[in-house]
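Trainee: take a look and give me a structure for this.
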Amino acid sequence: MSATFRSPPPRGLAAKTPALLPDTADSLCALEPIHIPGSIQPHGVLLVADPSDGLRVVAASENAGLLAGGISSNTLLGMHVAGILGGEFAASLRMQAGTGDIPGEAPWETDIVLAAGAFEVAVHSQDGMVLIELEPVEPRDETEALAASRALQREIARLRAADGRLEELARVAVAGIRHLTGYERVLIYRFDRDWHGQTLAEDKVEDWAQSLDGLHFPASDIPAQARELYRRSLIRWVPSRDAVPVALHRDAGWEAPGMPERPIDLSFSRLRSLSPVHLQYHRNMGVDGSMSLSILHEGQLWGLMVCHHRRPHRPSPGQRAAAAALTDAFALRVGGAEQRGVDEARRADSHRLAELLAHMAEADDVTSALTAGSVTIASLFGCVGAAVVRSSMVERLGSAPPEADILSLADWLRARGDDEIFHTDHLSAAFPDWVHAPVASGVLAVFLAADRADMILWFRPEEPHLVSWGGNPHRPMVPEGGSILPRQSFERWVEERLGYARAWADWELEMAATLRHAITEVVIRSLSRIAELNDRLRQSQKMEAVGQLTGGIAHDFNNLLAGIVGSLELMRSRMAQGRVTELDRYIEAATASANRAAALTHRLLAFSRRQTLDPRPTDVNRLIASMEELIRRTVGPSIQVETVMAGGLWTVHCDANQLENALLNLSINARDAMPDGGRLTIEAANARLDEAYAQRHHDLEPGQYVSISVTDTGTGMPPEVIARAFDPFFTTKPLGQGTGLGLSMVYGFAKQSNGYVRIYSEPGQGTVLRLYLPRSMEDAAPDGADAEAVPPATAPEGGTVLVVDDEPVVRMLVGEVLRDLGYGVVEVADAAQALRAIGNMRRIDLMITDVGLPGGMNGRQLADAVREIRQGLKVLFITGYAENAAVGNGLLEPGMQVMTKPFAMDVLATRIRAML
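Mentor: A predicted model of the protein is given here:
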């Protein structure tokens, strides 16, 4: 690619004072630990272009005239990249910038030939600007690149053939990098978990007496800001330590009047000027030219490949590329090399852990399983001691600290946070009162439950060793003046490290977590079994009580019915004989027995009753589709209703009418859980429940089912509410807004249908209630075959009343009273029929409904649903329950009233006239 320059008239920067360049003093280091702002190294040229303004150059390094044979760089400001580097380059750059494919850590690299010669180009975007770095290519670079490419193949082959130990791989890698690049010293600098560094391997020329091999370096040598940059930008080089930085000039027209100067972030620029403190380190070591490459392992900064030269040294682009490739090849083998050293220990501990888990699964007591037998917790992780803490009790194994000190440590661990696992290899640093470093400098603690009362502890002894530092790590880096000063000496500083144990490996922490989960499962399984047995015992006791109660009720009712039936028979007999004067006595007797029966029923609670079901093959898809509009009207416009119809759905064996009522009930519950609106999804799918699933749910038989899910995006339920959701009369709603019978009736319907029901919910995450109904091997009846006729709606001048009651005699009596009063009457047996009838009725003045309706939707829920459709509709509840809790203990909305069964027909007529 070639390009020529045009020379526009000088712009406003010609008279602007050049940016002040910092001298060798390091006063700026405290402000900028990465590079000197506003300047670059002189071995390349930097252009900054604005892609939103046609790639106009808004800043350029002072030496940018090199691109055109030495003209003033000020003449480039305001020009477009196409006029400087050519239209073809600008078009390619525009395409790269438009796709967002040139972040700072992944620059676009290419080459270009200009009038001034050939250049290597690296382009990246930062803060909305495009930074273009151009480095002159010398005639020898191409030859060196070809030689580096050939040499790279040999070095990679040597690396591949090397012993798999990390030290050997590092030795081969540093020798290869030095051979490829011509630097006098190459070393691998490895970070530990605290970001202290250590030279793992070094290769250097013989006449350089200074050696950094084996030295440690404190974390302060490379600040966190630099480490993060090294993780993202993988190569850096300084051809000459003492080269004078080149200022970066800016177009005055780019700055908005009155606004602060916009900074240009050079963090990812390969030409950025290194901070004085960095260069002073090199000066103290006698290093002039340098290069470093990042070694990444599993996406994290593992270490650095560091190259030094005592004189200025600029590796060619080809040499740099070869060095980067060999560094990457070494990085790929780091994981395997490190793993090799721990595999044997891991395999042995995995075997011990498997034995321990098997023993624990058979043991009755968890603590004895962990502390007794041929394999115990003390057998793991190469520890000298262990302990199990159960509240204030301690079981010690091996060389463990005294019981009192373990309890003190346990109290400290409980108070320090809520992590499930704690570990350290230097306990005395975090817990100064600890005096047992010789046997327990390292500790691994695993909490067994959320209350943190019980835990397992493993102890490791200290392993004293010498650390050879590159200079005194304890010498302060910030003198009284406040500026950062690098260490002036790199002589070895040796100190003995005490109180440190061998660090805990990641795989050891994973095994500890596995053991914790296994113990938790054993404990939870035991507790669950106990809870299940308790539930069965309570159910057995409840059924025994119910049996005793129903026996007593049957006895009393039979006596009362005998009085009523006998009185009626005698009345018929006397009327046939014409002896009507004796009728009053029998009427009074029958009435008295009936009143006693009413009193008895008023003393009973409304237990869940067993419906008389009519199970038939049912097409669930067709049933849901037929109910969709009804459900939409019931839940209201603020809730989006979605139905998911599965293809190839099996038919189910159930009572379709009861299934409709169950879905209506669940939809209303979902509506109540979404007061601000949301989404309701009804979905059906085939399900095969296997033996393993059935064993986890003891009241379920394995087999083929159809799963019907009702999902909402509402408030959700905590575990304690889920546990009681199916209990009769349990409700979380305020008084007057729920009876607690709906879900228990759904549960009863599912169980009677040989099915199953489950709740999945979390607070704030919505709820899924899933019905499993058994598959039918027969086809469903065609549409309309079992359709129930909705009674015609009449509307005489007196008005129309809807009567809802599952007892035909009651419906007949109430209907007769209404007709005698001149009202039109529509009679239905349950809530589903009522909602269908209302959809067909043009006028409705009053709804009289029983509270205890079948099918899962009670009278109060029906009233709430109807009032969503017919706002302000008057409702008269008639209930046979001893208490009126079903309608809110008297907390009724305006237009609602309640009467208790049985009632006199004339009293009913009076109440109806008053309401209408």
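Trainee: wait, what's in contact with residue 227?
Mentor: 191, 195, 301 (CB atoms under 8 Å, 6 or more residues apart in numbering). Yep, even glycine has a C-beta here, placed from its N, CA and C like the rest.
Trainee: and the residue lying closest to the second one once chain neighbours are set aside, how many residues sit next to it?
Mentor: Going back to what we said before, that points to residue 195. Spatial nearest neighbour of residue 195, excluding adjacent residues (CB to CB, 6 or more residues apart in numbering): residue 219 at 4.0 Å. A count of nearby residues for residue 219, using other CB atoms under 10 Å, gives 15.
Trainee: same question, residue 93
Mentor: Using other CB under 10 Å, residue 93 has 23 neighbouring residues.
Trainee: and whichever strand or helix holds residue 438, what other elements does it pack with?
Mentor: Assigned by DSSP states H and E, residue 438 belongs to helix 437-440. Packing partners of helix 437-440 (3 or more CB pairs under 8 Å, 6 or more residues apart in numbering; DSSP states H and E): helix 427-430, strand 454-460.
Trainee: what's the local residue count around residue 430?
Mentor: Quick note: residue 430 (other CB under 10 Å) scores 12 neighbours.
Trainee: ignore the last one, residue 348
Mentor: 13.
Trainee: sec struct for residue 105, please.
Mentor: Assigned with DSSP: H, G, I helix; E, B strand; the rest coil, residue 105 falls in the coil class.
Trainee: contact partners for it?
Mentor: Counting by CB under 8 Å, 6+ apart, residue 105 touches 124, 232-234, 268.
Trainee: next secondary structure element downstream of the helix holding residue 438?
Mentor: Following helix 437-440 in sequence order, the next helix or strand is strand 442-447 (DSSP H and E).
Trainee: pull up the gap between residue 445 and residue 369, please.
Mentor: 19 Å (CB to CB, to the nearest Å).
Trainee: repeat that for residue 188.
Mentor: Residue 188 is 46 Å from residue 369, by CB to CB.
Trainee: more neighbours: those two, which one.
Mentor: Taking other CB under 10 Å, residue 188 and residue 369 do not tie; residue 188 has more neighbours (26 against 22).
Trainee: which strand residues bridge that one?
Mentor: residue 201, residue 305 (DSSP bridges).
Trainee: that one: what's it in contact with?
Mentor: 170, 173-174, 199-202, 295, 303-306, 330.
Trainee: got the residues you listed as JSON lines, with distance to residue 108, neighbour count and pLDDT columns?
Mentor: Listed next are these as JSON lines, based on distance: CB to CB, whole Å; neighbours: other CB atoms under 10 Å; pLDDT from 0 to 100:
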{"residue": "170", "distance to residue 108": "32", "neighbour count": "26", "pLDDT": "93"}
{"residue": "173", "distance to residue 108": "28", "neighbour count": "28", "pLDDT": "94"}
{"residue": "174", "distance to residue 108": "30", "neighbour count": "27", "pLDDT": "95"}
{"residue": "199", "distance to residue 108": "34", "neighbour count": "22", "pLDDT": "93"}
{"residue": "200", "distance to residue 108": "33", "neighbour count": "19", "pLDDT": "93"}
{"residue": "201", "distance to residue 108": "34", "neighbour count": "21", "pLDDT": "95"}
{"residue": "202", "distance to residue 108": "35", "neighbour count": "22", "pLDDT": "96"}
{"residue": "295", "distance to residue 108": "24", "neighbour count": "24", "pLDDT": "95"}
{"residue": "303", "distance to residue 108": "27", "neighbour count": "26", "pLDDT": "95"}
{"residue": "304", "distance to residue 108": "25", "neighbour count": "21", "pLDDT": "96"}
{"residue": "305", "distance to residue 108": "24", "neighbour count": "24", "pLDDT": "96"}
{"residue": "306", "distance to residue 108": "27", "neighbour count": "22", "pLDDT": "96"}
{"residue": "330", "distance to residue 108": "26", "neighbour count": "28", "pLDDT": "93"}
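Trainee: the closest residue to residue 51 other than its chain neighbours: neighbour count?
Mentor: Closest residue in space to residue 51, ignoring its immediate chain neighbours: residue 97 at 4.8 Å, by CB to CB, 6+ apart. Residues near residue 97, counting by other CB under 10 Å, number 20.
Trainee: check the one 4 residues further on too.
Mentor: Summarising burial for residue 101: neighbours were counted as other CB under 10 Å, giving 11.
Trainee: assign it to helix, strand or coil.
Mentor: Classification of residue 101 by three-state DSSP places it in coil.
Trainee: quick one: it and residue 108 touch, right?
Mentor: Yes: at 7.3 Å, residue 101 and residue 108 qualify as touching, with contact defined as CB atoms under 8 Å.
Trainee: show me the domain layout of this structure.
Mentor: If you go by automatic domain parsing, the domain ranges for the chain are 12-137, 142-241+287-358, 363-504, 534-602, 616-774, 800-915.
Trainee: how about the helices in the stretch 451-600 of the chain?
Mentor: Assigned by DSSP state H, counting those that start in this stretch, the stretch 451-600 of the chain shows helices spanning 506-577, 583-602.
Trainee: among those, which gets the worst mean confidence?
Mentor: Mean pLDDT is lowest for helix 506-577 among these, at a mean of 66.
Trainee: before we move on, the earlier item: dump the contacts of residue 105 to a markdown table, plus distance to residue 502 and secondary structure.
Mentor: Output for the contacts of residue 105, formatted as a markdown table (distance: CB to CB, whole Å; DSSP: H, G, I helix; E, B strand; the rest coil):
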| residue | distance to residue 502 | secondary structure |
| --- | --- | --- |
| 124 | 43 | strand |
| 232 | 32 | helix |
| 233 | 34 | coil |
| 234 | 32 | coil |
| 268 | 39 | coil |
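Trainee: tell me which of these is nearest to residue 618?
Mentor: residue 232 (60.8 Å; CB to CB).
Trainee: check contacts around that closest one.
Mentor: 104-105, 268.
Trainee: tally of neighbours for the closest residue to residue 166 other than its chain neighbours?
Mentor: Residue nearest to residue 166 in three dimensions, not counting chain neighbours: residue 337, with 3.9 Å by CB to CB, 6+ apart. Number of residues near residue 337 (other CB under 10 Å) recorded here: 18.
Trainee: go ahead and confirm residue 337 touches residue 165.
Mentor: Yes: assessed by CB under 8 Å, residue 337 is found in contact with residue 165 at 6.3 Å.
Trainee: quick check, pLDDT for the nearest residue to residue 43 once chain neighbours are set aside.
Mentor: With sequence-adjacent residues excluded and distances taken as CB to CB, 6+ apart, residue 43 is closest to residue 239, at 4.9 Å. Looking at residue 239, its pLDDT is 94.
Trainee: over to residue 289?
Mentor: pLDDT, residue 289: 95.
Trainee: contacting residues around it?
Mentor: Contact analysis of residue 289 by CB under 8 Å, 6+ apart lists 183, 237-241, 308-309, 311-314.
Trainee: quick revisit: distance between the helix holding residue 438 and the chain's centre?
Mentor: Mean-position distance between helix 437-440 and its chain equals 40 Å (CA atoms, centre = their mean, to the nearest Å).
Trainee: in that helix, what's buried?
Mentor: Neighbour-count burial for helix 437-440, counted by 16 or more other CB atoms under 10 Å, picks out 437, 439-440.
Trainee: residue 649: neighbour count?
Mentor: Using other CB under 10 Å, residue 649 has 19 neighbouring residues.
Trainee: so it, which state does it fall into?
Mentor: coil.
Trainee: ok, it to residue 686 distance?
Mentor: Per CB to CB, residue 649 is found 6 Å from residue 686.
Trainee: do residue 873 as well
Mentor: Here residue 873 is placed at a distance of 41 Å from residue 686 (CB to CB).
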